[in-house]
Each structure stands twice: as C-alpha cells, then as structure tokens.
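[1] All I have is the shape, not the residue letters:
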C-alpha cells in the first residue's frame, strides 16, 4: 500500500512538472514565432528599400560640387580689405546614361555687406552618342579656354582673371541657346569641339563730348547670356581643339552675329541712362586661339581673343523728352564709333619638386577703342597646395594703363580657395 502511494506521488509529481513545463515551452515557441515574424517583416522592408534604392540608383543620380574662396587685397591707392567672399555650388543630376542637368549659382558679398546671387549657367544635356552631347539653356561661352575651363578660383593659378577675360573685356562670358560638344579621334590625334547658336550679345554705348562735338561710341560688348534677342538675329560660334600628343592642346575659336545697342549713357558709362527709341544692327565677330602645354611640373598657357563690332545699318535715336537734365548733346546719331576689343595672356606655372609650392608668372593685356581703358597686367605669384583642390595664393599684381591720365596701380592679393 505504501509502495502504491509512493508510486502515485511520483506520478503526480511528474504530471505536475510536465504541466508546468508544457505551458512554458508553448509560450517560448510563441515568442520565437513572433520574433521570427518580426525579423521576416523587417527583412521584407529592408529588401523593398534596397530594391527601391537600386531602381533609383539605376535610373538617376545626384551630385553636388562647387568651390568657394576668400580674398584679401592691398592696393597702393586705397585701403587694404578682405574684399571678396564667394561660394559657387554646382549641381549635377543624371538620368540613366543619356541626360544630365547641370547648374551653377554664385553667391558673393558686396561692399556694403549685402549678398549678390547670380545664375552662372543652367543647361540640360542629352548624350546623343559617344561623340556628341546636345545642350540647351544658359552655358559658359565655349570661345577660348579661360572662361569655360579655368575661371573657378581653385583652378585659376592667379587670384584675378587675365586682363580682358572678365566682365567688360574682350572674351565672351555666357550664352543662352543650343550647343553641341564632344570629342573624337582624328588619326593618331584626339580632337574636341563645341558649336553653338544663341541670342548673342548686346551693346552699351556712351555719348562723349569732345570739346563741344558730341559722338556716340560703343563702350562695352555685353555677353551675359540674356534670354531676349533685341535684334532678332542669332549668333553662331564655337571652338575646335586639337591634341597632337600628350600634354599639348591647341584651340581655335570664332563667332559671328549681330548686336544692337540696349544701354546708352550721357557722358559715358557712368553717366545718366538715355532712353533709346531706335537703333541699328552692328556686325559682331570674334576670333581666338589658345594653347596649353604640360611637361613634368611645368604648365604653359596662352590665349588671344579679338571681338570686333562693325558699322551699323542705321543710327541710334533717343527720346528727346526723356533726355536727362543738363544733357546738351543731340537726340539722334547717324554715326556710331565702333572698334575692336583685343585681349591676350601668357602664363607659366611651375610646381617645385618635393614641395607643395608652385610659382606662377602671368602677363596679359587689354586693348579697346577707348584709350583710357587700355592696360597691361603682370602677376607674380606663389601658391601653396594643401591638397590638389585646396590652394592658398599670394600675388603681386602690377597694372599699367596706356593713358597718361590714368594712374598705374600695384596690388598685393591673397586668396584661399577650395574646390569640393
């Protein structure tokens, strides 16, 4: 009897233990299943995100680049100052392998502490094949080399642009229209090209008083890539570059079209603006040549550009009721003084071996129809490259005017530039 009771107790204890273990095991299994389901759900979400990202990466990509710089200038005729802070973000968006949108904004501070915002370029480019890309929009002028390839502060070897290769000079800046560009093999050589059609430039004129004799003269060729075409005539142009062997590139450029006066001022460019009633068309022609040669640590560059404004087909007339007070000149001109704007530069840059220092020497010159604006510029520079895209520049710049009435000026310039 006692043995039966003992066996019964053992059975009851075993059943109790089993009853306790089974719910725990069931609970553990349920928890495991729940966790497994959560993991599977998370994995599904990750897979969907990866697939979506893969699809997006296959079809499109986004890239941001640009450059920024800070400058300091100490001219011998004025006060030293930190005279320029600039940032220029560049955005690229690619869709598959046949479309690219690119744009550059330039933001800089002004003398009074304000901010200037400019659209440098914005264009949509279609890659038609391996040798041709079609661009539409506002783009940097393909005439010459400096403007389209060298003007960013971290690429330019000097602080400032060569004489005549900035605003108001001989070199075209931007254009709005259509452009074809690319490259191709040419026998044993390589070649690159760019051709365009666009709205073309406009002209700024000033009324000059020469001892009581008034004449209207073209003061400046404005090539800002405007979205209007006042003369209704398109301009055409382009550049062909030849690379006969490694290290050497030779380029030739040309452009042709019409231009009309859209801005006129009494007493020159700084005088009050005149209201134009009618103006003729003037011939617009540009020719240029450039080269680059690199050998070991030495780089040589040079460029020449000539912009010519020819005789117009009609005179320029102003509204007589809108002439400024005190203006004693006529309201109509049959003859307009035109002319040529010529600019050139030669530059040598030598990176000292086993150092981060680079020596730069550049000479340049601008010639215009107005003797008071003609000058030559010589620059001696020492650069320090913290990295290939981070550069500090120290320049001594000598500016000599042709006119005896203009004072020559020497300036010490310092710049820190970063390309990103």
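    Cool, the structure landed. Not measured: the values here are computed from a predicted model.
[2] low pLDDT regions in the protein?
    For the chain, the stretches with pLDDT under 70 are 1-36, 38-39, 42, 46, 49-57.
[3] so residue 214 bridges to which residues?
    residue 209 (DSSP bridges).
[4] how many other residues sit next to it?
    Counted with other Cβ atoms under 10 Å, residues neighbouring residue 214 total 14. Glycine gets a C-beta too; all of them are placed from N, C-alpha and C.
[5] correct me, but it touches residue 206?
    No: in this structure residue 214 lies outside contact range of residue 206 using Cβ atoms under 8 Å: 10.7 Å.
[6] Dig out what the residue lying closest to residue 61 once chain neighbours are set aside forms beta bridges with.
    Counting by Cβ to Cβ, 6 or more residues apart in numbering, the nearest residue to residue 61 once its immediate chain neighbours are dropped is residue 94, at 4.8 Å. Listed beta-bridge partners, residue 94: residue 61, residue 100 (assigned using DSSP bridges).
[7] Residue 323 contacts residue 331, doesn't it?
    Yes: contact criterion Cβ under 8 Å: residue 323 and residue 331 qualify, at 6.3 Å.
[8] contacting residues around residue 384?
    356, 357, 358, 391, 392 (Cβ atoms under 8 Å, 6 or more residues apart in numbering).
[9] Apologies, that question was intended for residue 344.
    Residue 344 touches 164, 302, 303, 304, 305, 364, 365, counting by Cβ under 8 Å, 6+ apart.
[10] show me the contacts for the first one.
    By Cβ under 8 Å, 6+ apart, the residues touching residue 164 are 170, 171, 305, 341, 342, 343, 344, 364, 365, 366.
[11] Check whether the second one really touches residue 150, as I assumed.
    No: counting by Cβ under 8 Å, residue 171 sits too far from residue 150 to count as a contact (11.1 Å).
[12] of these two, who's got more company?
    Remark: of residue 171 and residue 150, residue 171 carries more neighbours, 29 against 19, as counted by other Cβ under 10 Å.
[13] Three-state assignment for the more buried one, please.
    Assigned by DSSP: H, G, I helix; E, B strand; the rest coil, the conformation of residue 171 is coil.
[14] Please report how far the nearest residue to residue 60 once chain neighbours are set aside lies from residue 123.
    Using Cβ to Cβ, 6+ apart and skipping residues adjacent in sequence, the residue nearest residue 60 is residue 95, 5.0 Å away. Note on residue 95: its distance to residue 123, by Cβ to Cβ, to the nearest Å, is 14 Å.
[15] Who does residue 180 form a beta bridge with?
    residue 134, residue 195.
[16] now swap in residue 224 and tell me
    What pairs with residue 224, by the bridge criterion (DSSP bridges), is residue 174.
[17] Touching, it and residue 174? I think so.
    Yes: with contact defined as Cβ under 8 Å, residue 224 counts as touching residue 174 (6.2 Å).
[18] So for those two, which residue has more residues nearby?
    residue 174 (18 against 14).
[19] Report the contact partners of that one.
    Residue 174 touches 120, 121, 138, 139, 140, 141, 223, 224, 225, counting by Cβ under 8 Å, 6+ apart.
[20] A strand includes the fourth one, no?
    Translated: residue 139. Yes: under three-state DSSP, residue 139 sits within a strand.
[21] was I right about it contacting residue 175?
    Yes: under the criterion of Cβ under 8 Å, residue 139 is in contact with residue 175, at a separation of 6.2 Å.
[22] Overlap of the contact sets of these two?
    196, 225.
[23] Those two: which has the busier surroundings?
    Between residue 139 and residue 175, counting by other Cβ under 10 Å, residue 175 is the more crowded of the two (28 against 25).
[24] how would you label the residue most central in space within the chain: helix, strand or coil?
    With distances taken as Cα atoms, centre = their mean, the chain has residue 120 as the residue nearest its mean C-alpha position (5.5 Å). State at residue 120, reduced to three classes by three-state DSSP: strand.
[25] surely it meets residue 89?
    No: Residue 120 lies out of contact with residue 89 (Cβ under 8 Å); the separation is 10.2 Å.
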